[in-house]
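1. Turn this into a model:
(4 chains)
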2 protein chains.
Amino acid sequence: MKQGADLQSLVGYRVQRANLLMETDARAALAAHDLSPAKMTALILIRDNPGCDQTALGRALSINRSSAMKLVNILADKGLVERRPGRDLRTNALMLLPEGARQLEAMLAAVRQSDARMTQRLSAEELKTLRALLIRLGPAPTPEDDED
Amino acid sequence: MKQGADLQSLVGYRVQRANLLMETDARAALAAHDLSPAKMTALILIRDNPGCDQTALGRALSINRSSAMKLVNILADKGLVERRPGRDLRTNALMLLPEGARQLEAMLAAVRQSDARMTQRLSAEELKTLRALLIRLGPAPTPEDDED
DNA sequence: TATTGTTATACTCTATAACTATA
DNA sequence: TATAGTTATAGAGTATAACAATA
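-> Have a look, this model is predicted:
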């Protein structure tokens, strides 16, 4: 199947293919835990931001409140995360439970292994470059971004 | 929201964030055409591989026959693509119709503009490097890959 | 008025399983 | 037996719209 210059020249296309490759492998690495890479990310964020609320979690994951709700339900049903009373009566404080911490360690080990395998053809130097370049993707910051 | 070393060190995480950013912008750029970036990719593949069958298209997009079927249905319903008799009686030959070619040109212009905007903070040299590094992601080729 | 959580509902994308026709 | 297309069905992930409680 020929893939002409139109596709190859689009950075977005290359990023999408790379993401599919990496995500598929990470998902397979997590299969034993029955959690997706995105849900593992949520566990990491809750661990590193104990007491955060669902809306903030959703913002960090780029999903809305309603989607964050479903995600937290799943993590809570599995006994990995707990909703505690938050800073006011509207808000939950999300906390990683001991079982969540335990499983997260195992998941991280599996995903790190996957990540290492999928990047093994790049040198340490090249990986550093790749990370730096990926971070700089996105629209240029404009003065308006400073507003209010 | 703090994002600790565990996330930042995973290349897969960075690629996922970059993909979300790029894909969201490309999707917005295509909104007027009511087609996703993936469907535009399908149009490009059909244009560049006239007469290809649905299974091959699906393989190129990393989706299965059934999903490719649905995708082609949508493109055909919109009058962008046509199923012609293929190389044997089981197979379709997919062809881009004139209306598909016309719309694809407009879509490509919009997506190229999106791509340029999302990569504007990288120099031409850096873009070249990024493309080259992204292509090298994936498991190392093994001798078994040569088998049959 | 604005925000948080919540629920109901729907849409997109993909997959599996089974069937038909053809090879 | 194997392959291409097709269909029905289901699941994951996300979104919108509305509501209650609280700020």
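2. show me where chain A has strands.
-> Taking DSSP state E as the test, the strands found in chain A are A:81-85, A:92-96.
3. anything in the last one near chain B?
-> No: contact of strand A:92-96 with chain B (C-beta under 8 Å from any C-beta of the partner chain) is absent, the minimum separation being 11.6 Å. Glycine gets a C-beta too; all of them are placed from N, C-alpha and C.
4. Quick check: mean pLDDT of that strand?
-> For strand A:92-96, the per-residue pLDDT values average out at 98.
5. Tell me the residues of chain A that contact DNA strand D?
-> Of all the residues in chain A, those in contact range of DNA strand D (C-beta under 7 Å from any atom of the strand) are A:36, A:38-39, A:61-64, A:66-67, A:70-71, A:88-90.
6. returning to what we had before: just say which of the strands of chain A is most tucked in.
-> Each of those was scored by mean neighbour count; the highest is strand A:92-96, a mean of 20, by mean count of other C-beta atoms under 10 Å in any protein chain shown.
7. who's in contact with the most centrally placed residue in chain A?
-> Central residue check for chain A by C-alpha atoms, centre = their mean: the C-alpha nearest the mean position is that of residue A:41, 3.9 Å away. Residues near residue A:41 by C-beta atoms under 8 Å, 6 or more residues apart in numbering or on different chains: A:61, B:7, B:13.
8. Report whether stretch A:15-26 contacts chain B.
-> Yes: for stretch A:15-26 and chain B, the contact criterion (C-beta under 8 Å from any C-beta) is met by A:15, A:16, A:17, A:18, A:19, A:20, A:21, A:22, A:23, A:25, A:26.
9. quick one: low-confidence parts of chain A?
-> In the predicted model, chain A carries pLDDT under 70 at residues A:143-148.
10. if we can go back for a sec, going through the contacts of residue A:41, which ones are buried?
-> When neighbours are counted using 16 or more other C-beta atoms under 10 Å in any protein chain shown, those contain these buried positions: A:61, B:7, B:13.
11. Return the member of these nearest to DNA strand D.
-> The shortest separation between DNA strand D and any of the buried ones among the contacts of residue A:41 is 6.7 Å, and it belongs to residue A:61 (by C-beta to the nearest atom of the strand).
12. Pretty sure the closest one sits against residue A:38.
-> Yes: contact criterion C-beta atoms under 8 Å: residue A:61 and residue A:38 qualify, at 6.6 Å.
13. what do the two both touch?
-> Common neighbours of residue A:61 and residue A:38, using C-beta under 8 Å, 6+ apart, are residue A:71.
14. What ranges does chain A have for its helices?
-> For chain A, helices defined by DSSP state H occupy the ranges A:5-8, A:11-29, A:37-48, A:54-61, A:65-77, A:98-118, A:124-135.
15. of those helices, which approaches residue B:115 most closely?
-> Between residue B:115 and the helices of chain A, the shortest gap by C-beta to C-beta is with helix A:11-29, which sits at 5.2 Å.
16. What is the neighbour count of residue A:34?
-> 9 (other C-beta atoms under 10 Å in any protein chain shown).
17. any idea how far the residue nearest to it when sequence neighbours are not counted lies from DNA strand D?
-> For residue A:34, the nearest residue in space outside its immediate sequence neighbours is residue A:78; the separation is 7.9 Å by C-beta to C-beta, 6 or more residues apart in numbering or on different chains. Applying C-beta to the nearest atom of the strand, to the nearest Å, the value for residue A:78 to DNA strand D is 12 Å.
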